[in-house]
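> Provided below for reference: sequence and predicted model.
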Amino acid sequence: ISNSLRLQRASEIIFMFTRIMTDKGLEKLMFSSSTMFKILSYCSATQRKASVCVDYYYGEAELGFEDLERGIDFVLQNHGGSKGWKDATTAKMKEARFYLKGDFRLHTKNGSRVADHCLIHALSDPNDAQFSLQCDSPTLPNPHKHDLKCGRCEIVK
């Protein structure tokens, strides 16, 4: 089991697996959730628990999502709103959390036509030419334009 999967809880792994199988139209080949939990409980790899200490940005992201959840509760209590709105907003936030903790990492690469997945674009400073690269520069091994969008990244925004 890869280290990136060892950072995920069993429910997150099952959620990602279910999404992939559904996207590929292979729902009928899936096990039930209880069977998948049982398989993961017998898996020899243990879950890494110290990632928050090592990778502080995971911890900061978790705190950010907790703040957003408290904000949703505050809006609901003080400004009205329906339980349906809260449930829908919380579900979108949960999906965003799973995506950012799991699949997003798999999509990023040095040169991507999706700006949100392009490491060159992300690490370039638009205000300092010494720390900036143009992704369509012919000097790069894989010059490209950012002419595609990722639907899941757009939802997170």
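Looks like it arrived, so ask away. Because the structure is a prediction, the values reported are computed rather than measured.

> Now tell me which helix or strand of the chain has the poorest mean pLDDT.
Within the chain, no helix or strand scores below helix 51-54, which has a mean of 48 by mean pLDDT, DSSP states H and E.

> In the chain, which residue is most central in space?
With distances taken as C-alpha atoms, centre = their mean, L100 lies nearest the centre of the chain, 1.6 Å away.

> Which elements pack onto the helix or strand hosting it?
Assigned by DSSP states H and E, L100 falls within helix 83-101. Counting contacts by 3 or more C-beta pairs under 8 Å, 6 or more residues apart in numbering; DSSP states H and E, helix 83-101 packs against helix 10-23, helix 56-79, helix 151-156. Just so you know, the C-beta spots here come from the backbone N, C-alpha and C atoms, and that holds for glycine as well.

> For those helices, please prepare TSV with the additional fields mean neighbour count and mean pLDDT.
TSV is the format used below for the helices and strands packed on helix 83-101 (neighbours: other C-beta atoms under 10 Å; pLDDT from 0 to 100):
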stretch	mean neighbour count	mean pLDDT
helix 10-23	15	84
helix 56-79	12	83
helix 151-156	12	87
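
> of all those, which lies closest to K92?
helix 151-156 (6.9 Å; C-beta to C-beta).

> Identify the residues contacting the closest one?
For helix 151-156, contacts defined as C-beta atoms under 8 Å, 6 or more residues apart in numbering pick out K92, E95, A96, Y99, L100, D103, F104, V114, D116, H117.

> Can you tell me which of those residues are buried?
Among those, the ones that count as buried by 16 or more other C-beta atoms under 10 Å are A96, Y99, L100, F104, V114, D116, H117.

> With that, I have no additional questions.
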